[in-house]
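**Student:** task: produce atomic coordinates for the following.
(one chain, ligands or ions: 1)
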Amino acid sequence: MFRNKKILVTGGGGFIGSHLSKVLLNNGNFVRVADIKWDDYMKEKYYSEKMTADLREKKNCIKATKGMDFVFNLAANMGGIGFIEEVAAEVMHDNVLINTHMLQSCVENKIKRMFYSSSACIYPTYKQTKSSIVPLKEEHAYPADPDNFYGWEKLFVEKECEAYQRDYGLCVRVARFHNIYGPEGTYKGGREKSPAAICRKVAFAKNPGTINIWGDGKQTRSYCYIDDCVRGIIMLMESKYEKPINIGSDRGISINDMVDIVAGFENKKLKRTHDLSAAQGVRGRNADLTLVKKVLGWKPEIRLEDGLRNVYFWIKKMEGLR
Ligand code: NAD
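**Tutor:** You can find the predicted model right below:
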C-alpha cells in the first residue's frame, strides 16, 4: 500500500516519527514531516518536505494535511514518567488540541486513512499494582482508570477516533505503544524514558562507580525496539483492523535487571543508590500480544540486549565518551 503515496507524519522531528518517516521515504513515498521543533538526531535524510508548525492551531493542521493521502499522527507534548507525572494541564491542553484539529483536518482534506499513537498508559492502575502482573490485553482498558493525565488524554482521543470513524467515515488505525526505545530518541533534558536514562547514567558512570535509580528498581516494564515498532505501525495501517491494538513486547523486566544488562556492555561494576521519592508510575506493566499476533501476524524480533546496546553506544557517541 505505501509506495508512491503522499504521506504526512506529524511529530516527524521526534523519535518514532523520524524513524517511521525514514522507512516510508525509503519505500518510495513522498513524506512531509511536520513538527514544532527539530532535534536533528537523525543524520540521514528522512523526509521529502519539512514543515515547522504548531499543530495546536487548526489552520496549521489543515495546511499540513492538504494534498496528502495518508496521515501518521504522532505529534504529542510528552516525555518519560518524570515529565508526565509532573505536567498535567499542559499535556491535556496541547494534545487534545493537536488531536482534535488533526482528526477534523483529516476529514476536511479527505485523508484516506489516519494513524493515531495511543499508549499503554491508558490501562487501568488496578491491573498494574504488582511487579509480576498479568500482561495487559486490549479489553482490559475498561472500566477505565489510567495512572496519569497523559493516559486519560490518550484514552479520550481513542474514543474521539472512534466517533470520527462512526459519524464521518474517517478511516483510523490506533496502536497502543508500550515503551518504545532506540537510538535517535530523547536521552537527556527531563523528557527521556527509562531505557535511554539508564543507558546515559551507565555511560557517564565511572568504573567502578555508582548510579542512582528512580524507585527501588523492582518496578517492571516491557520494551519494544523502534524498528519492530515501525514495522508494526505500517502493518497496522495496511490492515483492516479498526480497534486499538497493542504494539510492544511481552518480555517483562525490572529496572534493576535492565541496569545489569546495560552495565554488562562495558563490564562496569556499579553500586546503586535508590531515590524512593522519584516518579515511578505503576508497579508493573507488560503487554499481551495475543491479538496483534493473530490480527497482523506481527511480533517483536529484536532482543532487548541488542536494542539497548545500540542505544548505549549511540549515546556514548553523541556525548563524545570513550
Ligand atoms: P517525541 O517527543 O520524540 O515526539 C513527539 C513530537 O511531537 C516531538 O518532536 C514534538 O516536538 C512534537 N510536538 C509536540 N507538540 C507539538 C505541536 N504543538 N505541534 C507540532 N509538533 C509537536 O515522542 P515519541 O516517543 O516519538 O512519541 C510519538 C508518539 O507516540 C506520541 O504521540 C507519544 O505519545 C506516543 N507514544 C510513545 C511511546 C514511547 O515509548 N516512545 C509510548 C506510548 C505512546
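
**Student:** so who does residue 280 touch?
**Tutor:** 81, 214-215, 219 (Cβ atoms under 8 Å, 6 or more residues apart in numbering). To be clear about C-beta, it is placed using only N, CA and C from the backbone, and glycine gets the same treatment.

**Student:** compare those and tell me which has the most neighbours.
**Tutor:** Counting neighbours by other Cβ atoms under 10 Å, residue 81 leads these with 23 neighbours.

**Student:** thinking again about what came up before, for the ligand, state which of the contacts of residue 280 is nearest.
**Tutor:** Here the nearest of those to the ligand, counting by Cβ to the nearest ligand atom, is residue 81; it sits at 10.7 Å.

**Student:** check contacts around that closest one.
**Tutor:** Residues counted as contacts of residue 81 (Cβ under 8 Å, 6+ apart) are 193-194, 214, 279-281.

**Student:** next step: the contacts of residue 280 restricted to helices.
**Tutor:** residue 81 (DSSP state H).

**Student:** which stretches of the stretch 1-150 of the chain form helices?
**Tutor:** 15-26, 58-65, 81-86, 89-108, 149-168 (DSSP state H, counting those that start in this stretch).

**Student:** in the second one, which residues are buried?
**Tutor:** Spelled out, that is helix 58-65. 60-65 (16 or more other Cβ atoms under 10 Å).

**Student:** TSV for the residues you listed, including pLDDT?
**Tutor:** Shown next, in TSV, are these (pLDDT from 0 to 100):
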residue	pLDDT
60	98
61	99
62	98
63	98
64	99
65	98
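
**Student:** residue of the protein closest to the ligand, please.
**Tutor:** residue 14 (2.1 Å).

**Student:** quick check: which element contains residue 271?
**Tutor:** Taking DSSP states H and E as the definition, residue 271 sits inside strand 270-275.

**Student:** against which helices or strands is that strand packed?
**Tutor:** If contacts are counted by 3 or more Cβ pairs under 8 Å, 6 or more residues apart in numbering; DSSP states H and E, strand 270-275 sits against strand 209-214, helix 255-264.

**Student:** for the longest one, which outside residues touch it?
**Tutor:** It stands for helix 255-264. Under Cβ under 8 Å, 6+ apart, the answer for helix 255-264 is 194-195, 198-199, 202, 211, 213-215, 217-221, 223, 269-270, 272, 304-305, 308, 312.

**Student:** which regions of this structure sit below the pLDDT cut-off?
**Tutor:** Scanning the chain for pLDDT under 70 picks out the ranges 1.

**Student:** nearest to residue 134, of the contacts of residue 81?
**Tutor:** residue 281 (17.3 Å; Cβ to Cβ).

**Student:** gap between the closest residue to that closest one other than its chain neighbours and residue 11?
**Tutor:** Excluding its sequence neighbours, the residue lying closest to residue 281 (Cβ to Cβ, 6 or more residues apart in numbering) is residue 81, at 4.5 Å. Note on residue 81: its distance to residue 11, by Cβ to Cβ, to the nearest Å, is 19 Å.

**Student:** residues contacting residue 290?
**Tutor:** So residue 290 contacts residue 137 (Cβ under 8 Å, 6+ apart).
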